[in-house]
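*Asks:* Fold the following and give me the result.
(one chain, ligands or ions: 1)
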Amino acid sequence: MEFQAHQIKDILKIDYRYTMGGQSKFFIELMNNKKLLGTKCTKCGKIWMPPRMNCSECYEPAEWVEMKQTGTIDVSTIVWYTTSAFIKAIPYGIGFIRLDGADTAMLQGIFSESLIPSKVKKGKKVKAVFQKEREGKMTDFFFVPEDEYEDWIAKPEYEGGSE
Ligand SMILES: [Zn+2]
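*Replies:* Numbering: from 1, shown residues only. Here you go, the predicted model:
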């Protein structure tokens, strides 16, 4: 007689936590105070955004610094295919944004009311907009073209940062 494994359909639910480790301060300040923190190398002075605990060039410790919430798009694209988490947002822009004063660029979403490639192209000035309900995650904020900023923070679910 051929072996047949008996199967029972069930649901596995897993509650878990993960930590942001040494970068926790970035997420806590984002969530509680709508601040964007980078780090500055204590030796060469390079400003890392996203923050690094140690300078990736000279390996010395870096200290926390508050960043401006305006920046420039280094490179970008428009997203049409995404995960279930962002499916309602498509199409949206995504790009590497260099915050004013930073030496490196961070990958983040760029939203626009009238999304066309010229709205999110290289060199465009952008500004951070924050969710009113924040959880200490990267999705707590996103960037918008600077000329749309006032419109975005007027929406009930969003607000401007602390500057
Ligand atoms: Zn350094």
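
*Asks:* rest of the way, CA atoms for contacts and neighbours
*Replies:* Will do.

*Asks:* In contact with residue 82, which residues?
*Replies:* Applying CA atoms under 8 Å, 6 or more residues apart in numbering to residue 82 gives the contacts residue 90.

*Asks:* what does this protein put close to the ion?
*Replies:* Within the chain, the positions lying close to the ion (CA under 5 Å from the ion) are 41, 44, 55, 58.

*Asks:* which residue sits closest to residue 149, ignoring its sequence neighbours?
*Replies:* residue 127 (6.7 Å; CA to CA, 6 or more residues apart in numbering).

*Asks:* and the one you found, backbone torsions?
*Replies:* The phi and psi values for residue 127, taken as degrees, to the nearest 10, are phi -140, psi 150.

*Asks:* and it, what are its bridge partners?
*Replies:* Applying DSSP bridges to residue 127 gives these bridge partners: residue 70, residue 144.

*Asks:* Can you report how many residues neighbour it?
*Replies:* 22 (other CA atoms under 10 Å).

*Asks:* ok, back up a step: in helices, which of the residues of the chain next to the ion appear?
*Replies:* Among these, no member falls in helices (DSSP state H).

*Asks:* Including pLDDT, could these go into a markdown table?
*Replies:* Formatted as a markdown table, these follow (pLDDT from 0 to 100):
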| residue | pLDDT |
| --- | --- |
| 41 | 98 |
| 44 | 98 |
| 55 | 97 |
| 58 | 95 |
